[in-house]
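Engineer: Fold the stuff below for me.
(chains A, B, C, D, E and F, ligands or ions: 6)
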Amino acid sequence: MTAVETTDELLSIPEDWDPREVEQFLYREARLADENDYDGWEALWTDDALYWVPAGGADIDPINQVSVIYDNRNRIATRMKQVRTGKRYAQAPPSNLRRIIGNVELLGGRTNPSGGTDLEVGANFLAFESRQRGNELWGGRTTYRIRRVDGEIKLAYKKVVLVDNDKAIPTLAFLV
Amino acid sequence: MTAVETTDELLSIPEDWDPREVEQFLYREARLADENDYDGWEALWTDDALYWVPAGGADIDPINQVSVIYDNRNRIATRMKQVRTGKRYAQAPPSNLRRIIGNVELLGGRTNPSGGTDLEVGANFLAFESRQRGNELWGGRTTYRIRRVDGEIKLAYKKVVLVDNDKAIPTLAFLV
Amino acid sequence: MTAVETTDELLSIPEDWDPREVEQFLYREARLADENDYDGWEALWTDDALYWVPAGGADIDPINQVSVIYDNRNRIATRMKQVRTGKRYAQAPPSNLRRIIGNVELLGGRTNPSGGTDLEVGANFLAFESRQRGNELWGGRTTYRIRRVDGEIKLAYKKVVLVDNDKAIPTLAFLV
Amino acid sequence: MTAVLPSAGIDLDALIHRDKVHGSLYTDRSIFARELAKIWYTTWVFVGHESEVPEPNDYVRKRLGLQDVVMTRDKDGEVHLLLNRCAHRGNQVCDDVKGNSSSFRCPYHGWTYRNTGELLGYPYNQGYGGKNKLELGMGTVPRVASYAGFVFGSFADQGPSLVEHLGAAAGEIDRLVGLSPEGKVELSAGWLQHKTRANWKLLAENETDGYHPQFVHGSIFGVTGSPIGALYSDSSTAVTRNLGGGHSENDLRPEFRKFAEPMRWFGTTPERVPDYVAAMNEAHGADAERLMIEGAPHVMIFPNLFIAEIQVFNIQPVAVGECLQYSTAVQLAGAAELNKRMISQSIGSVGPAGMLLADDTEMYERNQRGVETLTPEWLDVRRGLHREQTDEAGFTIGTATDETGMRGFWSHYKSLMEA
Amino acid sequence: MTAVLPSAGIDLDALIHRDKVHGSLYTDRSIFARELAKIWYTTWVFVGHESEVPEPNDYVRKRLGLQDVVMTRDKDGEVHLLLNRCAHRGNQVCDDVKGNSSSFRCPYHGWTYRNTGELLGYPYNQGYGGKNKLELGMGTVPRVASYAGFVFGSFADQGPSLVEHLGAAAGEIDRLVGLSPEGKVELSAGWLQHKTRANWKLLAENETDGYHPQFVHGSIFGVTGSPIGALYSDSSTAVTRNLGGGHSENDLRPEFRKFAEPMRWFGTTPERVPDYVAAMNEAHGADAERLMIEGAPHVMIFPNLFIAEIQVFNIQPVAVGECLQYSTAVQLAGAAELNKRMISQSIGSVGPAGMLLADDTEMYERNQRGVETLTPEWLDVRRGLHREQTDEAGFTIGTATDETGMRGFWSHYKSLMEA
Amino acid sequence: MTAVLPSAGIDLDALIHRDKVHGSLYTDRSIFARELAKIWYTTWVFVGHESEVPEPNDYVRKRLGLQDVVMTRDKDGEVHLLLNRCAHRGNQVCDDVKGNSSSFRCPYHGWTYRNTGELLGYPYNQGYGGKNKLELGMGTVPRVASYAGFVFGSFADQGPSLVEHLGAAAGEIDRLVGLSPEGKVELSAGWLQHKTRANWKLLAENETDGYHPQFVHGSIFGVTGSPIGALYSDSSTAVTRNLGGGHSENDLRPEFRKFAEPMRWFGTTPERVPDYVAAMNEAHGADAERLMIEGAPHVMIFPNLFIAEIQVFNIQPVAVGECLQYSTAVQLAGAAELNKRMISQSIGSVGPAGMLLADDTEMYERNQRGVETLTPEWLDVRRGLHREQTDEAGFTIGTATDETGMRGFWSHYKSLMEA
Ligand code: FES
Ligand code: FES
Ligand code: FES
Ligand SMILES: [Fe+3]
Ligand SMILES: [Fe+3]
Ligand SMILES: [Fe+3]
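Structural biologist: Ligands and ions are numbered 1, 2, ... in the order given. So this is what the prediction gives:
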């Protein structure tokens, strides 16, 4: 992934993407996450999925440095299985939360493993989480890569850079 | 209302609604509320208005359970009359606040009392309120039902589910 | 400026502005500010730029009352020069932050010094800032005036009214 | 684990006078710590209502002082108050706000407890020499008692009984119950939770302060043409009564008796609620009319139960400058015509957005800021002192707007704090 | 309701030396509590300026220590400082930040007060035996005095007069006033409010610290080619003066006298402000040129008034680790050519986004984090101690970069804290 | 500037028993203040690893107790721990999280320090009588020592050496190092930072609590079919060992020896990591197989270093009810086949989103809420007390699920707190 991060250059925005359609997809992804709809959320991902929440900066090397989350499709599945047990105590009871996805920009194209071109989208977010521990505000920058698979929009890549990822953060067990 | 909440099924999205027009209406409603424009805000409502802020969950029975707000058109009018006196101390002086309405999605249609179909819209919000008491961040999920009346968009239903409505919350006297 | 604020009436929305194009410009301006891209951000401004953050209310007289920021193009340049030295300690190290620009509304037209008509746009914002001092949430109302110069959109005016600008606020050294 | 009791440093005689009380009573942390020990963790404190756990094995999370308490009904129907803490290593045992279960399981090491608090089992019991080797149950509130379904808890093993604690205030609860044709009150409508940045005593004092409504609530009285304002005016014949034991009431009956109109207290007429009237006559016979004329009580029961006609409040402290208000609507068994309206009216009046309580709460928070001011150092409670009388039952009474209730509050408060 | 005065446990001799002070002075809550009692609620503290309440019955909300104070001008023109707390039950009386009113009304029970603090009336007065039965006014700051319109308050009934308190610092205010052809300064441009997470003393010490500007403000001096940096260099002939009473100044006149250029202090020339120069000559005759050459003072008046040439700062404490900076632009009566520019320059320099003060404030907050560190335990104030001199007026002086001002601050601080 | 040491008011004999400890140990501020003085600022505390500053003049910001510390490697390769505070007026000297520099410059007045803490220079030195007149360096942690690259600091000038402090726990670090064919461990993968609203001791006790995994981590063990759960069951032959000095371990070797499968401890086989196996055989000869069978240690080194097989944790306190967990992946020199997977596995397991640690942390925070409850007042640590044994080396041992480690923690804790 780092390779992709650092060397691949951003291609021009691929055709056939309606900005509103993209926004609606991001809003749906956010709603599924807010509502802890694990099945619906997991179904959004492609097989070559990458879900990344770096720590200590935006552009660390995820292979040689620790991240908060660095899940491939397999680990996403494991994460979902764990929380579905109802005994993933960091989310049992689950967080109440709502997030706002804002400043959505279509950034360009990225060549994907299957040789196609994914659409790269940037957005900012603020998520307001409520647990017995207290209320917590989360915020940062999200980079998405999306792709059409059999006519459906799928999520191939989601990188969430928390504004304060250089500091200690509380447990982050909801779907960010 | 619970009936509506629980049994009525959501119809397909009615024709003739431009998503941007809907967003602009929600932004205007938010601006009137942010700026304590009581006349302008009250004028948005239909006669069968329902303004609901549930407590202790999203889908309580508002007839047999207490809510934070459960106003029909009459009570909305009373609430506005009270605050206009300038002696509604919980809002005198009024809050300074601004909110962001995000992730707007057209969800479907709802049959309304007059047999027509209202457009149901979902959105998230974050509201930043400043009072002498301190600054307060509010967040949650809003479900709107809107309708065209004599060519104007009107608000028939607004349900605001606060993220932390299962906890004690401070005085909520601004128009949420 | 106060004159403009108070007496000039708002003209109808000038032609040839696509709301999405306007939003994208605001998002870009926000991103350049979030990422401390001083060159990119400074380049957005027109020569008759005005960057205003009032204190103690929204509509004070900036000539006879103190504001948090009241920069003409020259002072914007000075501000950028200072921060580029790397020794503007209030921003060295720089803040980590991301903001959301929401509820974007095209409000109308404003006659500009060169006789043309600028587009006036209103929006709300929430900015989440992280520094060693701690995390800070900023929010308020922004009024923009934009103009096409040689085919490029430029920023002629930006007024940021913080929700709590009637209270003491911490150091505000990032580009708000 | 409350702070060590500050026995020294607090001279209550210097702070509490007959006609004024000192501002530090609302701002001093050591006084708050002492209140926890001497009041909240000693006397009878209102926790909830039996109707919140109607079925065997029902439970609901509650608060008592700073304590996270689970109110349970065991399989035999008895109500218990469990402290929500595992006896092993202190983990929180119960997550859910409410539910139905005969036992609770701690997630940390799987210990299980019966809903009476008794330890049921612990995994890998050989680590303790086998089954039933441990005498470690969940903590419980040692004394639990209820009156007309209102559940109170006391952390004192002994002391006055609940009935002794309630004293004359019990009669006010009886009045409320009397308005149910079935003689039964239910608090089944859930609770609004209102975070209040003020010391709890500012609320307790305000509840029977008949001096403030015309001013604080004038905005809503005016636009609704409510007759309530008049009940708290100079010309009102209503009475403020010190019921003893820190309890007090605004007795509005003199006003309602003047009009002698059944159901006026609820803003309606017998014609509009015929079934209810019939059921009341059925239940109370000759006495029904009086009950329907006199209406519901307005009573503050020390330290934290406030019955405001059709609403019930549960006040709990958080810190010296913060407390919580829980409020709900009264539901009267056998009064279907009244109950939904009581909920609707309560929603309009109380809670964080209530058209009455949001303004009271604004006053509490303004007061809290005020009492942190250097001078004047005192809060005045002399109003009506010179015209206080003793009623036929021997209670001290004042007029509708007098601070008789506050004086009663403070004399009892002082006796507990000095105990 | 401040915490009980910690008389024991603080040995100031051990904490305050001639050449260093202990870090706990900036972090210890009991020391902060003592400062409130012995400094903020005893000595003369700057509150505001008469020009903020120009008309009879004008008022403006202010802060004095932790107190919410209303500065009023009564109908006869006298200025009062009222504590914003109702004498009845402690509610906050005044909401608005500023306004014009001869009286205030408390919302809780409608008591009214004249803008002198005197109780005007209370509703339903029979509850107190009729009208005028109560001696309950709003609290007031017992001593209020002003100098050249700068309003100070002291909570001590007696003690040094304001003029005695100001001592030699009064002359610096006179210098500022002397720059107005009409001999009148106004603070009518509003105040920026800057929340600062640092102990207030770090600010007071920094204000006449001539050692930091070249380093902290190098970024802005460099890009603007400002000559100010040179005033605070090794080669500068400017003087740091301990004015006594905790007051100190950076006296830049030696530098300006060298150049002997009128208005250089303000970065302009007589040609550019002809009307002002004419008015000054008119007003001051032969002395005008000297005044225009020497410019405005840079003086820190203990404990909280800082006049930085064209800006005025009001520092108020919030907690041991937090304080507030209020800043505004000086307005000189009869100096239209200067006033708008003073506002514009102030906006650029001070407040939360100021190109100077935001960086000073960053230093304060970095310092606060630093002083919480275990070692070294001391803050050094020895700079220039070996080269201190006594000027013709008998004041101790150091060079432009010496810590002479801080040493003056600490000796006065110690005397007040030990009193 | 820590609070004055509360010598009185804490009776540790009353709070710490052999079979239970009192809840106030986790909630009382004065106990926390004493812990800072007697433990965090006295004994050896883990700070970081030499591999974080591999090159001369590398530095990295660290935390020791509440202190902001800069770990530097000087030009000669020696490691230092500097307190990040300027000796002049207390400003924060170093901003960056890490970097390479032979010196640091304070922004306030430009003083410069060598990366050993020594004062290099100060501008305008005549203010101090010239160059080299000041003996003011940055504060340093008086004793710094490392073991296998693990850097510890002690604020006590004298006392036990690091090796004495580590005692038998050193052998566990040796085991970890033994898994590197080059005998070298590196902590070069950065640190996750996890804010935890719980007292630090709840973490220290949990680290070798073999009783909780089956319950707290059942969700992940179940879905991944992990064999780890079985290691912490009743039937496990693993041992909980009190290593003395407050250190303890879960010794899983008995289980791995049963299977006698090299690399099973890491969930792989020799075939899959041939280069590593070859290198180990090369390095350790006959002993290699044993090492690869027995795997990595699971040891809690008092007070704040936890080595969990392939992860390392650094625990630091923030307040009585809050602490920080820093966690990273072990990197073994010469084990390329293992290192990336160790990072990947660690990311999955630890940190704020870790599928193991997020659940442990939920327990810590639930516990913290629980220990604030009135009753029961005690946390139980008796588990396995009746079946404790002494192993051949003389250490007290219990079964896999016994609280032997906690008892060791508390006896050492008590000895330090009473010192
Ligand atoms: S803490 Fe509850 S079972 Fe161990
Ligand atoms: S508190 Fe002000 S009138 Fe009662
Ligand atoms: S505080 Fe560091 S140089 Fe002055
Ligand atoms: Fe009221
Ligand atoms: Fe400065
Ligand atoms: Fe664990």
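Engineer: helix, strand or coil for the closest residue in space to D:Thr112 that isn't next to it in sequence?
Structural biologist: On the basis of CB to CB, 6 or more residues apart in numbering or on different chains, the spatially nearest residue to D:Thr112 that is not a chain neighbour turns out to be D:Leu120, at 4.3 Å. C-beta coordinates here come from the backbone N, C-alpha and C atoms, glycine included. Look at D:Leu120: counting by DSSP: H, G, I helix; E, B strand; the rest coil, its state is strand.
Engineer: ok, D:Leu120 - contacts?
Structural biologist: When contacts are counted by CB atoms under 8 Å, 6 or more residues apart in numbering or on different chains, D:Leu120 is found next to D:103, D:112-114.
Engineer: List just the nearest of those to chain E.
Structural biologist: The closest of those to chain E turns out to be D:Tyr113 (CB to the nearest CB; 41.5 Å).
Engineer: Wait, the closest one touches D:Leu134, no?
Structural biologist: No. Here D:Tyr113 does not reach D:Leu134: they are 11.5 Å apart, not a contact under CB atoms under 8 Å.
Engineer: Which neighbours do those two have in common?
Structural biologist: With CB under 8 Å, 6+ apart, D:Tyr113 and D:Leu134 have common neighbours D:Leu119.
Engineer: So which of the two has more stuff around it?
Structural biologist: Comparing D:Tyr113 with D:Leu134 by other CB atoms under 10 Å in any protein chain shown, the one with more neighbours is D:Tyr113, at 24 against 18.
Engineer: Can you list phi and psi of that one for me?
Structural biologist: Its backbone dihedrals place D:Tyr113 at phi -130, psi 140, with angles given as degrees, to the nearest 10.
Engineer: Over to the one 5 residues further on?
Structural biologist: For D:Glu118, the backbone dihedrals (degrees, to the nearest 10) come out as phi -60, psi 140.
Engineer: distance of the nearest residue to it once chain neighbours are set aside from ligand 2?
Structural biologist: Here the nearest residue to D:Glu118 in space, its sequence neighbours aside, is D:Gly137; by CB to CB, 6+ apart that works out to 5.0 Å. Counting by CB to the nearest ligand atom, to the nearest Å, the gap from D:Gly137 to ligand 2 is 48 Å.
Engineer: Enumerate every residue touching D:Gly137.
Structural biologist: Applying CB under 8 Å, 6+ apart as the definition, the contact partners of D:Gly137 turn out to be D:87, D:113, D:117-119.
Engineer: If we use 6 Å, what do you get?
Structural biologist: Residues touching D:Gly137, when contacts are defined by CB atoms under 6 Å, 6 or more residues apart in numbering or on different chains, comprise D:117-119.
Engineer: Give me the pLDDT value at D:Ala156.
Structural biologist: D:Ala156 is assigned a predicted lDDT (pLDDT) of 98.
Engineer: Please, which helix or strand holds it?
Structural biologist: Secondary-structure element containing D:Ala156, defined by DSSP states H and E: none, the residue being outside all helices and strands.
Engineer: Over to the spatially closest residue to it that is not a sequence neighbour. Which of the three states is it?
Structural biologist: Beyond its immediate neighbours in the sequence, the residue positioned closest to D:Ala156 (CB to CB, 6+ apart) is D:Thr42, lying 4.9 Å away. With three-state DSSP as the basis, D:Thr42 sits in coil.
Engineer: which bits of chain A sit near chain B?
Structural biologist: Where chain A comes near chain B, counting by CB under 6 Å from any CB of the partner chain, the residues are A:27, A:30, A:96, A:98, A:100-102, A:126, A:128, A:130, A:135.
Engineer: Oh, that last question was meant for chain D, not what I typed.
Structural biologist: Remark: the part of chain D in contact with chain B comprises D:189-190, D:192-193, D:195, D:218-220, D:223, D:324, D:328-329, D:340, D:346-347, D:351-353, D:355, D:358-359, D:361-362, D:365, using CB under 6 Å from any CB.
Engineer: In strands, which of those residues appear?
Structural biologist: By the criterion of DSSP state E, membership of the residues of chain D next to chain B in strands covers D:192-193, D:195, D:324, D:328-329.
Engineer: can you name the two of those that are farthest apart?
Structural biologist: With distances taken as CB to CB, the most widely separated pair in these is D:Lys195 and D:Ala329, at 20.1 Å.
Engineer: Who has more neighbours out of the two?
Structural biologist: In terms of neighbours (other CB under 10 Å), D:Ala329 is the more surrounded of D:Lys195 and D:Ala329; the figures are 28 against 17.
Engineer: how much space between the residue nearest to D:Ala156 and D:Met417?
Structural biologist: To D:Met417, D:Thr42 is 10 Å away according to CB to CB, to the nearest Å.
Engineer: Flag every buried residue along the helix or strand of chain D with the lowest mean pLDDT.
Structural biologist: The helix or strand of chain D with the poorest confidence is helix D:228-231; it has a mean of 93 (mean pLDDT, DSSP states H and E). Buried positions in helix D:228-231, judged by neighbour count with 16 or more other CB atoms under 10 Å in any protein chain shown: D:228-229, D:231.
Engineer: between those, which is nearest ligand 1?
Structural biologist: The shortest approach to ligand 1 among the buried residues of helix D:228-231 belongs to D:Ile228, at 50.6 Å (CB to the nearest ligand atom).
Engineer: Spell out whether the host helix or strand of D:Ala145 and chain F are in contact.
Structural biologist: Element membership for D:Ala145 (DSSP H and E) is strand D:143-147. No. Counting by CB under 6 Å from any CB, no contacts exist between strand D:143-147 and chain F, the nearest distance being 13.4 Å.
Engineer: Can you spell out which helices and strands pack onto that strand?
Structural biologist: Other helices and strands packing on strand D:143-147, by 3 or more CB pairs under 6 Å, 6 or more residues apart in numbering or on different chains; DSSP states H and E, are strand D:150-154.
Engineer: I'd like to know which elements the strand it packs on is packed against.
Structural biologist: In terms of contacts (3+ CB pairs under 6 Å, 6+ apart), strand D:150-154 is packed against strand D:45-49, strand D:143-147.
Engineer: for the ones you listed, which one sits closest to D:Thr268?
Structural biologist: Nearest to D:Thr268 among those is strand D:45-49; the distance by CB to CB comes to 24.9 Å.
Engineer: Can you name the residues that contact the residue nearest to the spatial centre of chain A?
Structural biologist: Closest residue to the average C-alpha location of chain A: A:Lys158 at 3.4 Å, with CA atoms, centre = their mean. For A:Lys158, the residues meeting the contact criterion (CB under 6 Å, 6+ apart) are A:51, A:144.
Engineer: Right, I'll call it a day here.
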